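> Return atomic coordinates for the entry below.
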Amino acid sequence: MSDPTPQAARARRIPFAVTVSIVLVALAILLSLGTWQVKRLAWKEALLAELDQRLHAPAISLGEMERLAAGGGDVDYRPMQATGRFDNSRERHFLATWRGESGFYIYTPLTLADGRFLFVNRGFVPYENKEPEMRVLGQLTETVTVKGLARARLAGKPSSLVPDNDLAKNVFYWKDLTAMATSTGLDPAKMVPFFLDADATPNPAGFPIGGVTLIDLPNNHLQYAVTWYGLAAALATISLVGWLRSRRR
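Reported below is the predicted structural model:
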């Protein structure tokens, strides 16, 4: 049989060149995704380390926390304490679940000595205990010092999938500090610009149940990096085997 013509040889080289180009582009994409996940892993580990350091730091006063916030500092998850009296007539109800049970987080304004207010998430109550008369003993009226974690206010609704807050029924689906204040007749200008999640110190009759702050920052970046790099290695191996077989033929 005669040797293939130059035209036929060139025709075979064109699909081979296209295949090599596709494989190289795919490898570049897979390797870049793996590298990006490695960088995300380093970022997440640093974030978790900082969060752990915050959670184990001693509680600071409300004044110190406000100075931190005013200076542009991040107050989220920082231990703090505040002293005042709960205005139980103005509590707000945030729809929530706690350990598989549906109910509400009770947000109550804490009246401070200077006449301002701090919304405190006192904790969880089951659905049937939403109304204050169903947990009278837990409606503290004396001056108290509340310890817990500061929580930053939200700039807006987290997602379009989240329902709008029902102010008429006093049911909140996201923490709109301004709406929580105005719906109670309080002046938003007199509100401390963040929340306080109360710790697990027991309340009379057990309600509200404090210490409900959820801290869930998943760190799956190592798995993702291994997956992308593994796919890149598999693609390179398959391509090499295919090329060797074609050479033998």
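
> host element of residue 180?
Assigned by DSSP states H and E, residue 180 falls within helix 177-182.

> mind listing the helices for this structure?
In the chain, the segments counted as helices under DSSP state H are 6-55, 62-70, 177-182, 221-248.

> Tell me which of the ones you listed sits most buried.
Of the helices of the chain, the one with the most neighbours on average (mean count of other CB atoms under 10 Å) is helix 177-182, at a mean of 17. C-betas here are computed from N, CA, C, even on glycine.

> The lowest-mean-pLDDT helix or strand in the chain to helix 221-248, inter-axis angle?
Ranked by mean pLDDT, DSSP states H and E, the weakest helix or strand in the chain is helix 6-55, scoring a mean of 83. Orientation check (axes from the mean of the first three to the mean of the last three CA atoms, to 10 degrees): helix 6-55 against helix 221-248 gives 170 degrees.

> now helix 6-55, how far from the centre of its chain.
For helix 6-55, the separation from the chain centroid amounts to 28 Å (computed by CA atoms, centre = their mean, to the nearest Å).

> Check stretch 90-110 too.
That offset, for stretch 90-110, works out to 18 Å (CA atoms, centre = their mean).

> who touches that stretch?
Stretch 90-110 is contacted by residues 82, 84-88, 117-127, 129-130, 132, 146, 170-173, 175, 180-181, 183-186, 195-196, 208-209, 212 when judged by CB atoms under 8 Å, 6 or more residues apart in numbering.

> of all the helices of the chain, which lies closest to residue 190?
Closest to residue 190 of these is helix 177-182 (CB to CB; 8.1 Å).

> which other residues reach that closest one?
92, 107, 109, 117, 119, 153-154, 165, 167, 172, 187-188, 191, 193-195.

> any idea of the mean pLDDT for that helix?
For helix 177-182, mean pLDDT is 95.

> still on that earlier bit, mind giving me the packing neighbours of the least confident helix or strand of the chain?
helix 221-248 (3 or more CB pairs under 8 Å, 6 or more residues apart in numbering; DSSP states H and E).

> Can you give me the domain boundaries for this structure?
1-77+216-249, 78-206 (automatic domain parsing).

> Comparing those, which yields the minimum mean pLDDT?
domain 1-77+216-249 (a mean of 85).

> that older thread, export the helices of the chain to a markdown table and tack on distance to residue 159?
What follows is the helices of the chain, written out as a markdown table (distance: least, CB to CB, whole Å):
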| stretch | distance to residue 159 |
| --- | --- |
| helix 6-55 | 22 |
| helix 62-70 | 25 |
| helix 177-182 | 17 |
| helix 221-248 | 23 |
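
> Which of those sits closest to residue 137?
Once the helices of the chain are compared by CB to CB, helix 177-182 is nearest, at 24.4 Å.

> Just confirm residue 145 contacts residue 85, I think it does.
No - with contacts counted by CB atoms under 8 Å, residue 145 stays clear of residue 85, the gap being 10.9 Å.

> of the two, who's got more company?
residue 85 (15 against 11; other CB atoms under 10 Å).

> Let me see the contact set for the more buried one.
Residue 85 touches 110, 111, 141, 142, 143, 144, counting by CB under 8 Å, 6+ apart.

> can you rerun that using 10 Å?
For residue 85, the contact set (CB atoms under 10 Å, 6 or more residues apart in numbering) comprises 109, 110, 111, 112, 113, 140, 141, 142, 143, 144.

> Many thanks, have a good one.
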